[in-house]
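Colleague: Using only what follows, build the 3D model:
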Amino acid sequence: MKRRCKGYKKALESIEMNKVYDLSEAVAILKQLPKKKFDESVDLAICLNLDPKQSEQMVRGTVLLPNGTGKTKKIAVFCKGEAENEAKGAGADFVGAQELIDKVAGGWLEFDVAVSTPEMMRDLSKLGKMLGPRGLMPSPKTGTVTNDIARAVKELKAGKIEYKSDKQAGIHIGIGKISFEIDKLIENITTALSAIKGSRPASVKGDFIKSISLSTTMSPGIKVVP
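Modeller: This next block holds a predicted model:
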């Protein structure tokens, strides 16, 4: 049987587990829960009306959260020539061409997001087995394969995140920190939900979102009106 900490049990006293809350009310409850010794992430869990076995029903995209995520992302950019200066000027943490690829091939993976110019993808694709399972392989679908390196880096630093449905037809993303003001958390959540709703596959019938839950790193989930 899974044991829960005292803080988790205390949080349960503030939440009616069978109730579905309005978004503003749910966020207010999370803000009132006992504080931890660290700034907890606020996580959004969405259950979609999808058939995960059908590839055309996979939901994937990106969204720029207006108030950021509260996390500092380390960005590696694979490029050469003038693009290197653009990447550095935009705030990329690691920039390089073949030497950076060789470093990764040797086991170095101290970055959160990878961005690449199209011309570097042929060489970078050789690292697919290493980067793919970790979600670090750049992709045109998420805007991380681009010639506009500066824009890609700036958006990622500002709070651009990727969302993708899993094998259970769910999406789980972090949308901020519990230290954020209530209105900023709500703005991030509504922006993320709007983007996900806009990714609805044409073949889906009926309600697209089945359920929504909000939680912090250490709290129970709070059901939210879809």
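Colleague: domain parsing for this structure?
Modeller: For the chain, automatic domain parsing gives the domain ranges 14-68+160-224, 75-157.
Colleague: Ends of the shortest one, what's the gap?
Modeller: Start and end residues of domain 75-157 are separated by 8 Å (C-alpha to C-alpha, to the nearest Å).
Colleague: With mean neighbour count and mean pLDDT as added columns, please give the domains of the chain in JSON lines.
Modeller: In short, each C-beta sits where N, CA and C put it, glycine included. Shown next, in JSON lines, are the domains of the chain (neighbours: other C-beta atoms under 10 Å; pLDDT from 0 to 100):
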{"stretch": "domain 14-68+160-224", "mean neighbour count": "16", "mean pLDDT": "95"}
{"stretch": "domain 75-157", "mean neighbour count": "17", "mean pLDDT": "96"}
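Colleague: all strands for the chain, in order.
Modeller: 41-48, 60-64, 75-78, 94-96, 113-116, 160-164, 170-177, 209-216, 222-224 (DSSP state E).
Colleague: mind checking the longest helix of this structure?
Modeller: Of all segments of type helix in the chain, defined using DSSP state H, the longest is helix 182-197.
Colleague: Need the contact partners of it.
Modeller: 23-24, 27-28, 31, 42, 44, 46, 59, 61-67, 161, 163, 171, 173, 175-176, 180, 208-209, 212, 214 (C-beta atoms under 8 Å, 6 or more residues apart in numbering).
Colleague: now do 7 Å
Modeller: 23-24, 27-28, 31, 42, 44, 46, 59, 61, 63, 65-67, 163, 171, 173, 175-176, 208 (C-beta atoms under 7 Å, 6 or more residues apart in numbering).
Colleague: Okay, and the beta partners of residue 45?
Modeller: residue 172, residue 213 (DSSP bridges).
Colleague: Can you say which of the strands of the chain is nearest to residue 141?
Modeller: Between residue 141 and those, the tightest spacing by C-beta to C-beta is seen for strand 60-64, at 6.2 Å.
Colleague: Which neighbouring elements make contact with that closest one?
Modeller: The contact analysis (3 or more C-beta pairs under 7 Å, 6 or more residues apart in numbering; DSSP states H and E) places strand 60-64 against strand 160-164, helix 182-197.
Colleague: Quick one: list the elements packing against the first one.
Modeller: Contact analysis of strand 160-164 by 3+ C-beta pairs under 7 Å, 6+ apart lists strand 60-64, strand 170-177 as its packing neighbours.
Colleague: about what we covered before: now distance to residue 149 too, for the helices and strands packed on strand 60-64, in JSON lines please.
Modeller: Formatted as JSON lines, the helices and strands packed on strand 60-64 follow (distance: least, C-beta to C-beta, whole Å):
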{"stretch": "strand 160-164", "distance to residue 149": "14"}
{"stretch": "helix 182-197", "distance to residue 149": "23"}
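Colleague: Out of these, which gets nearest to residue 117?
Modeller: Of all those, it is strand 160-164 that lies closest to residue 117, at 17.8 Å by C-beta to C-beta.
Colleague: between the closest one and strand 41-48, how big is the angle?
Modeller: 40 degrees (axes from the mean of the first three to the mean of the last three C-alpha atoms, to 10 degrees).
Colleague: can you give me the offset of strand 160-164 from its chain's centre?
Modeller: Distance, stretch centre to chain centre, for strand 160-164: 4 Å (C-alpha atoms, centre = their mean, to the nearest Å).
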